[in-house]
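In: Structure for this input, please:
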Amino acid sequence: MKRCIRFVFLLTIIAAMHPLTATAATIPTPGMVTLVDLGATSCIPCKMMAPILKELEVEYKDKAVVTFIDVWLNEGEGKRFGIQAIPTQIFFDKDGKEVFRHVGFMDKQAIIDQLERMLKEQ
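Out: This next block holds a predicted model:
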């Protein structure tokens, strides 16, 4: 039991340190194109995507919101967005409407292509 509590505590600390972690109130961000990546900090494809998301957060700072939600720590968010596998990327337009959903690892160029299409449609 003590190991389980320590493990959950450690995961909570890791998630809190993740700079892209979002709260439910900010997703989707009103008036902004939003990309939310739903995954887990201990999932291998999710770990591979973390540096890509950090880069895109900086590159699209004033154009789009790029964020991450750990569904293992926030089960309600996984249910809210209908997640069946991780990672899942959901793209929302500036009006908060889901425009595109992808399941699995998504490379940087594919994310950029989707964001650029959405930004042009604004």
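In: Ramachandran angles for the spatially most central residue of the chain?
Out: Centroid-nearest residue in the chain, with CA atoms, centre = their mean: Asp37, separated by 2.1 Å. When read as degrees, to the nearest 10, the backbone of Asp37 gives phi -100, psi 120.
In: Show me what it is bridged to.
Out: Beta-bridge pairing of Asp37 under DSSP bridges involves Phe68, Gln89.
In: how much space between it and Thr26?
Out: Per CB to CB, to the nearest Å, Asp37 is found 14 Å from Thr26. Using the backbone N, CA and C atoms, a C-beta is placed for each residue, glycine as well.
In: And for Ala50?
Out: Counting by CB to CB - Ala50 and Thr26 are separated by 19 Å.
In: Tell me which of the two has more neighbours.
Out: Comparing Ala50 with Thr26 by other CB atoms under 10 Å, the one with more neighbours is Ala50, at 17 against 14.
In: sorry, back to before: name the residues contacting each of Asp37 and Thr26.
Out: Common neighbours of Asp37 and Thr26, counting by CB atoms under 8 Å, 6 or more residues apart in numbering, are Thr67.
In: and Val66, how many neighbours?
Out: Counted with other CB under 10 Å, Val66 comes out at 25.
In: Isn't Gln89 up against Leu35?
Out: Yes. Counting by CB atoms under 8 Å, Leu35 is a contact partner of Gln89 at 6.3 Å.
In: which neighbours do the two share?
Out: Common neighbours of Gln89 and Leu35 (CB under 8 Å, 6+ apart) are Ile111.
In: in the chain, which spans are helices?
Out: 2-17, 44-59, 75-80, 108-120 (DSSP state H).
In: Relative to Pro45, how far out is Gly104?
Out: Plainly put, Gly104 is 7 Å away from Pro45 if you go by CB to CB.
In: who touches both of those two?
Out: Common contact partners of Gly104 and Pro45 (CB under 8 Å, 6+ apart): Pro87.
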